[in-house]
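Novice: When you get a sec, could you give me coordinates for this:
(one chain, ligands or ions: 1)
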Amino acid sequence: MSQNLQDLYRKVVLEHNRNPRNFGALENFTHHAKGNNPLCGDCVELFLQVEGNEVQQVGFEGEGCAICNASSSLLTEAIQGQSLQQVHSLHQRFEQMLAGEFSAQDEQELGPLLVFTGLADFPARLKCATLAWRTLQAALENSEAPVSTES
Ligand code: ZN
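Specialist: This next block holds a predicted model:
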């Protein structure tokens with residue numbers, strides 16, 4: 001990856017960390033889950049309002065490192081207004097991207113989530129980026145068990 005692109009990605013992550021989107025619990029929600037990543041001390045709590053088959057609203061709370069906060073913030077923007085199938089497919093692409101596997105078509109679907117591509121080189125930080133997505137999955141599966149990236 002070029003130095004310029006890395007700098008741009010770093011700026012986007014830091015900007016979302018400073019100014020997270022959709023931060024705060026929802027008053028009305030249909031799905032909810034909490035996750036934590038003990039390796040880094042990241043905690044995230046997701047609130048979703050799903051109507052029919054579509055994510056109408058999403059909010060998050062929690063405290064984590066810059067990567068975790070930015071990933072949660074970008075997740076909320078990425079899934080709002082999407083169908084559950086699209087959300088599932090996006091999650092799969094996101095995890096594949098972190099494993100270093102993605103095509104040009106995936107890039108288009110991932111959009112701003114591409115800022116985490118560089119993390120493939122920092123395996124210790126991958127869980128910081130995936131925590132929000134794993135928590136989302138738990139919320140949608142309506143699992144009451146807290147998510148831990150250790151398992
Ligand atoms: Zn972290």
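
Novice: which residues touch the strand or helix carrying Met97?
Specialist: Here Met97, judged by DSSP states H and E, is contained in helix 84-98. Residues from elsewhere that reach helix 84-98, judged by Cβ atoms under 8 Å, 6 or more residues apart in numbering: 50, 53-55, 78-79, 82, 102, 106, 109-110, 113-114, 116-117, 119-120, 126, 129-130, 133, 136-137, 140. C-beta coordinates here come from the backbone N, C-alpha and C atoms, glycine included.

Novice: In PyMOL, select just the buried ones from those.
Specialist: Typed into PyMOL, the next command selects the buried ones out of the contacts of helix 84-98 (criterion: 16 or more other Cβ atoms under 10 Å):
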select buried, resi 50+55+78+79+82+102+106+109+110+113+114+116+117+119+126+129+130+133+136+137+140
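
Novice: among the contacts of helix 84-98, which are in strands?
Specialist: Per DSSP state E, strands hold the following members of the contacts of helix 84-98: Val50, Glu54, Val55.

Novice: From the residues you listed, pick the one nearest the ion.
Specialist: Of all the ones in strands among the contacts of helix 84-98, the ion sits closest to Val55, with 24.3 Å by Cβ to the ion.

Novice: show me what contacts the closest one?
Specialist: Val55 makes contact with Leu48, Gln49, Ile79, Gln80, Gly81, Gln82, Ser83, Leu84, Val87, according to Cβ under 8 Å, 6+ apart.

Novice: Serialize those residues to CSV and add fields for distance to the ion and pLDDT.
Specialist: Putting these into CSV (distance: Cβ to the ion, whole Å; pLDDT from 0 to 100) gives the following:
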residue, distance to the ion, pLDDT
Leu48, 22, 96
Gln49, 27, 95
Ile79, 20, 98
Gln80, 23, 97
Gly81, 27, 97
Gln82, 25, 97
Ser83, 29, 97
Leu84, 27, 96
Val87, 22, 97
